[in-house]
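[1] need coordinates for the below:
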Amino acid sequence: MAEPPGFVEGVGAAVLALGARAAKFGALLVDTATSTASVLARRSRLPAGAFTHHAVTMGAEALFIVGLLSFLMGMTLAFQGAVQLARFGAGVYVADLVGVSMVREFAPMMTAIILSGRAGAAIAAELGTMRAGAEIDALQAMGVSPVRFLVLPRLAALSVMQPALTLLAMFLGVGGGALVAALSLGMSPAIFVARVVERVELADIVHGLGKSLIFAWIIGLTGSFFG
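    The predicted structure follows:
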């Protein structure tokens, strides 16, 4: 009777399995980069209507939940900031707090969390079902690249819709903060928006949108890999 593997053998097997998964993920990255370059060079095309379909299902259908949570997040930040800053007579800085935090951190993060649950899980489930049904094998047998046909349209849709949703989340979060500042501090929305415009720079917006784009690639590639 064979003895069960010991601790060292178990660690070795786990490391080998991790290395194999990393190699497969690297191959997916290379295939995605190659397919993207081919499409950009117009040597190949995305499936007709695939980008629009995924943009609607991943992005447009998430408008309500992203907008609602971002608005509530802006209200929460403004309320917490107003309670603390009002003690020192610095309530006007609530606008700075909400503007910078929403643009640089919370809007990209909230959008990524929502889309990882919606889009990432959907991508993994769809591609996993296709793999189980041998549809991906059928594409390979016909000489069609599964990465170009299945992964690239989803990744392209996420790359466009996630920054767009993040930009929407920024504006709605600031709007929620302006509402709370007006009700709790008596600050007019015009003053609130003026301070946000004065404090938030273009580099902050680029920072937030850049993070959202990186999050989109992580969600799309991870969902595709596990699918």
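[2] in the one helix or strand in the chain whose mean pLDDT sits lowest, what's buried?
    Lowest on mean pLDDT, DSSP states H and E among the helices and strands of the chain sits helix 135-141, with a mean of 74. If you call a residue buried by 16 or more other Cβ atoms under 10 Å, then helix 135-141 has these buried ones: 136, 139. Placement of C-beta: from N, CA and C, glycine included.
[3] and that helix, what does it pack onto?
    Helix 135-141 makes packing contacts with helix 146 when contacts are defined by 3 or more Cβ pairs under 8 Å, 6 or more residues apart in numbering; DSSP states H and E.
[4] ok, then the element right after the helix it packs on?
    With elements assigned by DSSP states H and E, the helix or strand that comes after helix 146 is helix 152-184.
[5] chain center to that next one, what's the gap?
    Relative to the mean C-alpha coordinate of its chain, helix 152-184 is positioned 11 Å out (Cα atoms, centre = their mean, to the nearest Å).
[6] and for stretch 124-133?
    With Cα atoms, centre = their mean, you get 22 Å for stretch 124-133.
[7] which is the next helix or strand following the least confident helix or strand of the chain?
    Going down the chain from helix 135-141, the next helix or strand is helix 146, by DSSP H and E.
[8] quick one: average pLDDT of that following helix?
    For helix 146, the mean pLDDT works out to 78.
[9] give me the number of residues near the closest residue to T222 other than its chain neighbours?
    What sits nearest to T222 in space, not counting adjacent residues and going by Cβ to Cβ, 6 or more residues apart in numbering, is G120, at 6.4 Å. By other Cβ atoms under 10 Å, 23 other residues sit near G120.
[10] S44 contacts L152, correct?
    No: counting by Cβ atoms under 8 Å, S44 stays clear of L152, with 9.5 Å between them.
[11] joint contacts of the two?
    Shared contacts of S44 and L152, defined by Cβ atoms under 8 Å, 6 or more residues apart in numbering, comprise S35.
[12] show me which of the two is the more surrounded one.
    Under the criterion of other Cβ under 10 Å, the comparison of S44 against L152 puts L152 first, with 25 against 14.
[13] contacts only, for the more buried one.
    The contact partners of L152, by Cβ under 8 Å, 6+ apart, come to 32, 35-36, 39, 46.
[14] roughly how far does it sit from I205?
    Distance, L152 to I205, by Cβ to Cβ, to the nearest Å: 27 Å.
[15] residue boundaries of the helices in this protein?
    With DSSP state H as the criterion, the chain has helices at 7-40, 50-58, 63-85, 94-101, 107-115, 121-132, 135-141, 146, 152-184, 189-199, 202-226.
[16] lowest average confidence across those helices, which one?
    When I compare the helices of the chain, helix 135-141 is least confident, with a mean of 74.
[17] not counting its neighbours along the chain, what's nearest the residue most central in space within the chain?
    The centre of the chain sits closest to A112, judged by Cα atoms, centre = their mean, with a distance of 3.2 Å. The shortest distance from A112 to any non-neighbouring residue, by Cβ to Cβ, 6+ apart, is to F215 (3.8 Å).
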